[in-house]
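Give me a model of this one.
(one chain, ligands or ions: 1)
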Amino acid sequence: MVQKSRLIGIAFISALLLTACGEEKKEAETQQSTNTTATTEAAPATNTTETAPATTEAAAPAAAPESGGKLNVYNWSDYIAEDTKANFEKETGIAVQYDVYDSNEMLEAKLMAGGTGYDLVHPSGAFLARQIIAGIYQPIDPAKIPNYKNLDPKILEILAAFDPGNKYAVPWFWGTTGIGYNVAEINKRMPDAPVNSLDIIFKPELAQKFADCGITMLDAPQEVLQIALHYLGKDPYTASADDYAAAEKLLLGVRPYIKYFHSSSYINDIAAGSICLTLGWSGDFSLAAARAEEAKNGVEIAYSIPKEGTMIWMDTMAIPADAANVENAYKWINYNLDPKVAAANANYVAYGSPVAAAMPLIDKALLDDPNIYPPEDVRARLFPDKIATPEIERLRTRTWTKIKTGQ
Ligand code: SPD
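This next block holds a predicted model:
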């Protein structure tokens, strides 16, 4: 029953996201947390490494000849079950070098430079699309992935908006960008705080109430600016300089209350109670809640999809054109599409799974959580990730620099 309703849900999301592309195609567009490359000048002194092995970010692996024994994976931090890598290694005898990043820009910079040594990477929809055009990836052969059949066809249809014909990528997880908060700290400062509204972050008179317990935002211009534009009632993909000026004004209005811009530190920081309010990615707050529970520190964390609407997005798996261990990359993809493995990953990361065959094995509490698998009325308020024109990219870059520097 749950499974059926969720599959219907995914079908609805398909319809929503299918509007994501279809234009601008000609333009090229160490497990677990935390790396700090995207940290801004206002990044916290205390970082989030207490549960995290040191990242190998700075030491990308050297390309190795196809030996049957190695695989170099580059994924988002905190985006796979803790034992998946070890289980895969045990089952296949393949040694996996697993490195992490926390921004599409970071991945793209490496891919564009070439010679990354990575065999499998995880770009998000719009970035994937322009990287395909730039010739970064090799085609995927589904015949080498017996578990490909476990994927939800509707999710593949969504992905086709970024990767026509599903030629270069396989879906990994999908999610939303919204409001994560420390329930007690927010309640203490404002018992009737609008935790389901972007007002709480975008209105200076509200944000200033929570500045002392720590507000943060993703360092992801292509999401924060699109969400700000949408909040202002503008087309999130507008190319109007005036609209961008309005988004800039909105964000500069609350800039004094933002502790830092970073796309992974907030998980452990909110779990530890050192921040209380953040614009971040849906599943990350379930993970933060689990970490707080593990620490038995009494921190209660919640996530809400803003009532004004927000972005829905999808991350993928793709094999770089110069990958050295291609057959092992296929084995990794196939392994992660196994229903049990996919469900274990989904239960850990708490993002939406594209593996239909895994649904019966995913925790009911997750499937029933409207913030993870949003019901129809919520989905109707979401807007899709979408490829941007060079003009929009320029506006984003210029605006984001001003916002981050506070000028
Ligand atoms: N901790 C995992 C975060 C995954 C975030 N994916 C980013 C999607 C960007 N649109």
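
Excluding chain neighbours, what is closest to Arg291?
Nearest non-adjacent residue to Arg291, counting by CB to CB, 6 or more residues apart in numbering: Ala271, 3.9 Å away. Bear in mind the C-beta positions are built from the backbone N, C-alpha and C, glycine included.

and that neighbour, that's in a helix?
Yes - assessed with DSSP: H, G, I helix; E, B strand; the rest coil, Ala271 lies in a helix.

With the ligand as the reference, measure out to it.
13 Å (CB to the nearest ligand atom, to the nearest Å).

Wait, a strand at Lys259?
Yes - Lys259 forms part of a strand when assessed by three-state DSSP.

Wait, it touches Cys213, no?
No - Lys259 lies out of contact with Cys213 (CB atoms under 8 Å); the separation is 9.3 Å.

what residues do the two have in common as contacts?
Ile275 (CB atoms under 8 Å, 6 or more residues apart in numbering).

Looking at these two, which has the bigger crowd around it?
Lys259 (23 against 19; other CB atoms under 10 Å).

What distance do you get for that one to Phe210?
Distance of Lys259 to Phe210, computed by CB to CB, to the nearest Å: 10 Å.

do the same with Phe88
For Phe88 relative to Phe210 (CB to CB), the value is 42 Å.

same check, this time on Pro123
On the measure of CB to CB, Pro123 and Phe210 end up 33 Å apart.

higher neighbour count, these two?
Relative neighbour count places Pro123 above the other of Pro123 and Phe210, with 28 against 23, counting by other CB under 10 Å.

And the pLDDT for that one?
On pLDDT, Pro123 comes in at 98.

hmm, back to that, okay, now the residue nearest to Arg291: neighbour count?
Per other CB under 10 Å, the neighbour tally for Ala271 reads 27.

dump the residue contacts of it.
Taking CB under 8 Å, 6+ apart as the test, what Ala271 contacts is 288-289, 291-292, 295, 297, 299, 301.

how about the residues of the stretch 251-400 of the chain near the ligand?
281, 284, 313, 315, 385 (CB under 6 Å from any ligand atom).

Which two among those are spaced furthest apart?
Asp284 and Asp385 (16.9 Å; CB to CB).

hang on, the earlier thing: and the contacts of Ala271, which is closest to the ligand?
Relative to the ligand, the closest of the contacts of Ala271 is Ala288; by CB to the nearest ligand atom it sits at 10.1 Å.

is whichever residue of the stretch 301-407 of the chain sits closest to the ligand in a bridge, and if so with what?
Going by CB to the nearest ligand atom, the ligand is nearest to Trp313 of the stretch 301-407 of the chain, at 3.6 Å. Note on Trp313: beta-bridge partners by DSSP bridges are Gly175.

And the pLDDT for the residue nearest the centre of the chain?
For the chain, the residue sitting closest to the mean C-alpha position, by CA atoms, centre = their mean, is Trp281 at 6.0 Å. pLDDT recorded at Trp281 is 98.

try Gln407
78.

contacting residues for it?
Applying CB under 8 Å, 6+ apart, no residues contact Gln407.
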